[in-house]
Every structure is written in C-alpha cells, then in structure tokens.
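*Asks:* what's the 3D shape of this:
(one chain, ligands or ions: 1)
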Amino acid sequence: MAIPHPREIQTAVVDWLDDRYPFTKSVDEALYQRVPNFANAFYYCFGGMVFILIALQLVTGIFLSFYYVPDAGVPGNSPAYNSVLFIQNTQYLGWLIRGVHFWGANILIVMVLIHMARVYWTGSYRAPRELNWMVGVIMLLCVIFLSLSGYLLPWDTKAYFATEVTIKIAGLAPPAQLGAFIREVLQGGPVVGPATLQRFFTIHVFLLPAVIVLLMYVHFRFIRAHGISEPM
Ligand code: HEM
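*Replies:* Below is the predicted model:
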C-alpha cells in the first residue's frame, strides 16, 4: 500500500473536521481581514504588543503556579516564601520564568500607557469608539490590580508592608463605610495575614485573568466592528 503524502493526511483530517463544523470558514473569518495601508504606522503596534505581553504573562504564570504555594504558614516558616525561593534558586529555569513574569508585568504597564496615549493622540476614543475606550479603562485597572495583587505573593517583608499600604489607601475610599468594606474584603481579617494572601492569590490567578481575557475579546470585537481609526 502506498504511503500517503503528509499533505493528503492533512487534507483528509481537515475535510473530516469541516464536514462536522465549518472550522476552516470560522478561522478564515477570524484571521483574514484587509487592513488599510495607514495601519502599518509603527504606533498602531502597541495594542498588539500589550496582547502578546498578556499572553506571555498567562503562560509564565501557569508555569509558576505549578510550584507556588499560596500558604502564609507561620512567621519564620512560610510555604509561600519558600516556594518562591525554590522557583528562583532550585527549579530548572525557574529563575527565567519568574524573571520573565516579573519584567513582563513591568513592561506591560508601560505598553498599556503608550497604547492609551496613542489612542488619545489619534483621537480614536471619539464616536463611535467611546465604549471601547471604556472597556480599555477597565482593562487598565485590571492590569494595575494584577500588579498589586501579584506583589504580595512572595510573602516577604517588602511585599507584606507594601500591601499594608495598598490596602490602607484602598480603605480610604469615600464614603467611610465603602472604604471599610473594601478593606475588609481585601484583608479578610483584622490585619494583613494568611487570609489576605489567599484572597490576593485568587484575585491574581483566577479572577483578574478571566476578566481581562473576556474584556480583550470584547475589545477586539469592537475593533473589528469599527475598523481601525484613521490617523487625524
Ligand atoms: C490592556 C489590554 C489592552 C489590549 C490587549 C489592547 C489591544 C488593542 C489592539 C490590538 C488594538 C488595535 C490597534 C492598536 O494596536 O493600536 C486596540 C485598539 C484600541 N484600544 Fe486597546 N488594548 C488594551 C488596552 C486599552 C486601553 C487601556 C485603552 C484606553 C483606555 C484602549 C483603547 C483602545 C481603543 C479606543 C482602540 C481603537 C483604536 C483605533 O481604532 O484606532 N485599549 N487595542
């Protein structure tokens, strides 16, 4: 029996799948769109760079979570702190994954701000794109809260006291009852402690990534609907 050429196998598999669901058509529709010539100006690339950085954060974050332990333990013997030390010093390439996650988070904030500045500079927040600007503002807040929540996870002295300051500031939100409520929700007890670490971990690893992925989908649907804005 003649051995089929890999391309024949590929066509047969794709045809089999397409007979069951129009995968090729859906992927073509999602990926191929004519883009106006002006969109190759360098300043249109920053949103895409933000997207790539977020993808990188998700991938490196998943690798980190294989080893990170969100358990404060007792003073002087914290599984959370020890697990970060393990990732940094013992686990093969752990230092690299952690370093990429750390620097990615920093560069991400800068890139989001540059992207925002570009959108502002080209007046792209105006009608009909106001809703997409608002979605962007929520994503900006998500990125900031991701940084703040991630900062506590190593559970070292710097992280602990920095988070005390963060929560104190959040607790000053007016009116006083709202501030106190926010503080209670974030802190999970009378002081920054194990419950705070547990909450920040959940916010950092489950809640905010889910929200930002959903919002990116909405952001891109809006961009598809409006088309990219022309330079002024
Ligand atoms: C945080 C994650 C974000 C991602 C992944 C993202 C991604 C993108 C991408 C890929 C584009 C296409 C054009 C370009 O790249 O410049 C875009 C456009 C746009 N973004 Fe974002 N963005 C983010 C945050 C924001 C923020 C913070 C704002 C504003 C507050 C914003 C407002 C807009 C608007 C209004 C457009 C349409 C611009 C146009 O049509 O020229 N985005 N975004």
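
*Asks:* near the ligand, which residues of this protein are found?
*Replies:* When proximity is defined as C-beta under 6 Å from any ligand atom, the chain approaches the ligand at 44, 46-48, 50-51, 54, 112, 115-116, 118-119, 122, 124-125, 129, 132-133, 136-137, 139-140, 143, 216, 219, 223, 226, 228-229. C-beta: built from backbone N, CA, C; applies to glycine.

*Asks:* can we see that at 5 Å?
*Replies:* 44, 47-48, 50-51, 112, 116, 119, 124, 129, 132-133, 136-137, 139-140, 228-229 (C-beta under 5 Å from any ligand atom).

*Asks:* need the residue closest to the centroid of this structure.
*Replies:* For the chain, the residue whose C-alpha lies nearest the mean C-alpha position (C-alpha atoms, centre = their mean) is Ile54; its distance is 4.5 Å.

*Asks:* what about Phe145, distance to Gln91?
*Replies:* 27 Å (C-beta to C-beta, to the nearest Å).

*Asks:* my bad, should have said Ala195
*Replies:* 27 Å.

*Asks:* those two: who's more crowded?
*Replies:* Gln91 (18 against 15; other C-beta atoms under 10 Å).

*Asks:* can I assume that one is in contact with Tyr68?
*Replies:* No - using C-beta atoms under 8 Å, Gln91 makes no contact with Tyr68, being 10.6 Å away.

*Asks:* okay, the least confident helix or strand in the chain by mean pLDDT in CSV with CA atoms only?
*Replies:* Of all helical and strand segments in the chain, the minimum by mean pLDDT, DSSP states H and E falls on helix 23-31, at a mean of 94. The C-alpha trace of helix 23-31 is given here as CSV (Å, rounded to 0.1, in the frame of the first residue of the first chain):
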residue,chain,number,x,y,z
PHE,A,23,-13.7,25.2,11.2
THR,A,24,-11.8,26.5,8.2
LYS,A,25,-14.5,29.1,7.4
SER,A,26,-14.6,30.3,11.0
VAL,A,27,-10.8,30.5,11.3
ASP,A,28,-10.6,32.3,8.0
GLU,A,29,-13.3,34.8,9.1
ALA,A,30,-11.5,35.4,12.4
LEU,A,31,-8.0,35.8,11.0
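
*Asks:* shift numbering so it begins at 21
*Replies:* Okay, using 21 as the starting number, the last item reads as helix 43-51.

*Asks:* which helices and strands does that helix pack with?
*Replies:* helix 26-40 (3 or more C-beta pairs under 8 Å, 6 or more residues apart in numbering; DSSP states H and E).

*Asks:* who touches the helix it packs on?
*Replies:* 24, 43-45 (C-beta atoms under 8 Å, 6 or more residues apart in numbering).

*Asks:* change it to 10 Å
*Replies:* 23-25, 43-46 (C-beta atoms under 10 Å, 6 or more residues apart in numbering).

*Asks:* just give me the closest of those residues to the ligand.
*Replies:* The nearest member of those to the ligand, counting by C-beta to the nearest ligand atom, is Ser46 at 20.2 Å.

*Asks:* before we move on, back to that, of the residues of the chain next to the ligand, which belong to helices?
*Replies:* Among those, the members falling in helices (DSSP state H) are 67-68, 70-71, 132, 136, 139, 152-153, 156-157, 159-160.

*Asks:* I'm done for today, thanks for sticking with me.
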